[in-house]
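**Q** make a model of this:
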Amino acid sequence: DSAEASPLVVFENIETCSPDFLQMLLENISGLTVDADFTVELIPEINVAVATFIKNIDTKEFVEKCSQDKRIRKWKMTARLLESTQTIKAENLPDSISTDYLTVYFESARNGGGPVSDVQLLPEENSAIITFCDHKGNT
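**A** Model prediction:
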């Protein structure tokens, strides 16, 4: 168990839930306000949403509240803390992209990056795997 819980909570199995409904539901469960206290990003390709808490809350307790919520259970959604990772996949990259460009881009503080230890181009997929020196650079 890490000393500091992730500020990111993943909601899975959200296809039956509209974005507005999900935001209102999370406001009701957390007692917080969307945009001011947390944001929600939908990732429809994999049927998930990620809530990022701007306000410092006990996300473990929030996940527990979600697992007990009757609407979340009725809609068969699940909530869990997003684990930290040192590796991300960047997709839809132009053919001409270089490892140097990606390294500089993802190391940029303006882009929320951090020190990059490796970039592996996957030209057949127009993607790349970027590995950071630690998990804080992959926001």
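**Q** how far away is Asn28 from Phe132?
**A** Distance, Asn28 to Phe132, by C-beta to C-beta, to the nearest Å: 35 Å. For glycine as for every other residue, the C-beta is placed from the backbone atoms N, C-alpha and C.
**Q** which stretches of this protein form strands?
**A** Ranges of strands within the chain are 8-12, 38-43, 48-53, 78-81, 87-90, 116-122, 127-132, based on DSSP state E.
**Q** turn those strands into CSV, columns for mean pLDDT, mean neighbour count and distance to Gln23.
**A** Converted to CSV, the strands of the chain look like this (pLDDT from 0 to 100; neighbours: other C-beta atoms under 10 Å; distance: least, C-beta to C-beta, whole Å):
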stretch, mean pLDDT, mean neighbour count, distance to Gln23
strand 8-12, 95, 20, 11
strand 38-43, 92, 15, 5
strand 48-53, 94, 18, 9
strand 78-81, 95, 17, 14
strand 87-90, 90, 14, 25
strand 116-122, 95, 15, 33
strand 127-132, 93, 19, 30
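**Q** not counting its neighbours along the chain, what's nearest the most centrally placed residue in the chain?
**A** Closest to where the C-alpha atoms of the chain average out (C-alpha atoms, centre = their mean) is Val50, at 4.9 Å. Spatial nearest neighbour of Val50, chain neighbours left out: Glu41 (4.9 Å); criterion: C-beta to C-beta, 6 or more residues apart in numbering.
**Q** what do you get for Val63?
**A** Leaving out its chain neighbours, the residue that sits closest to Val63 by C-beta to C-beta, 6+ apart is Ala79, at 4.9 Å.
**Q** surely the one you found meets Phe11?
**A** Yes. Applying C-beta atoms under 8 Å, one finds Ala79 in contact with Phe11, separated by 5.4 Å.
**Q** break the protein into its domains for me.
**A** Residue ranges for the structural domains of the chain, counted by the TED database, are given in the record as 8-81, 87-132.
**Q** first-to-last residue distance for stretch 55-63?
**A** End-to-end distance for stretch 55-63, by C-alpha to C-alpha, to the nearest Å: 15 Å.
**Q** centre of the chain to that stretch, how far?
**A** For stretch 55-63, the separation from the chain centroid amounts to 15 Å (computed by C-alpha atoms, centre = their mean, to the nearest Å).
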